[in-house]
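Colleague: next come a sequence and a model predicted from it.
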Amino acid sequence: MDEMNLWIPHRLPGLNDYDKAARSHRQLGAAMKKEYTELVKLLSIKGRYEKKLELVTSPVIITFHWRERDARRDPDNIVFAKKFVLDGLVTGGVLPNDNQKVIRGFTEAWEVVGSWGEGVMVTIKQLKGEAL
């Protein structure tokens, strides 16, 4: 597949959420990262089982379309969740790694949708003619 999509139907924590957890107790930040990385991993495994996702074999450009319930969070706060998404895609068997050899770039967009339909659509586009 040249292009694959993964819908994550959850509001992922932003940098402020993670920072607050990490400052309140030394293990809460790690627990938050583990929880949301695991969520993306499970969604990735489900996508692979349903044949909507497969292991990436060439470098990729990843697009994140963030759907927010309101406009309160700053974009740089929102996109912090990329860390959870990329680590989940690696542990879920979609990306072989999340280094610069595999990921060549990101594009991002934001949209306010209200409380129904918030989440993030992740589009993974493989670059043709290049191997990892």
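Modeller: Received the coordinates, thanks.
Colleague: pull the longest helix from this protein.
Modeller: If each helix of the chain is counted by residues according to DSSP state H, the longest one is helix 28-49.
Colleague: tell me the contacts of the closest residue to Asp98 other than its chain neighbours?
Modeller: Distances taken as CB to CB, 6 or more residues apart in numbering place Leu86 nearest to Asp98, at 4.2 Å, with adjacent residues excluded. For every residue, glycine as well, the C-beta is placed using N, CA and C. Contact analysis of Leu86 by CB atoms under 8 Å, 6 or more residues apart in numbering lists 62, 95, 98, 103.
Colleague: gap between the nearest residue to the second one once chain neighbours are set aside and Ala81?
Modeller: Which is Leu95. Residue nearest to Leu95 in three dimensions, not counting chain neighbours: Leu89, with 4.5 Å by CB to CB, 6+ apart. As for Leu89, its distance to Ala81 is 12 Å (criterion: CB to CB, to the nearest Å).
Colleague: those two: which has the busier surroundings?
Modeller: Neighbours of Leu89 and Ala81, each counted by other CB atoms under 10 Å, are more numerous for Leu89; the result is 28 against 23.
Colleague: tell me the helix or strand right after the helix or strand containing the more buried one.
Modeller: Applying DSSP states H and E as the criterion places Leu89 in helix 82-91. Following helix 82-91 in sequence order, the next helix or strand is strand 103-112 (DSSP H and E).
Colleague: no further questions, thank you.
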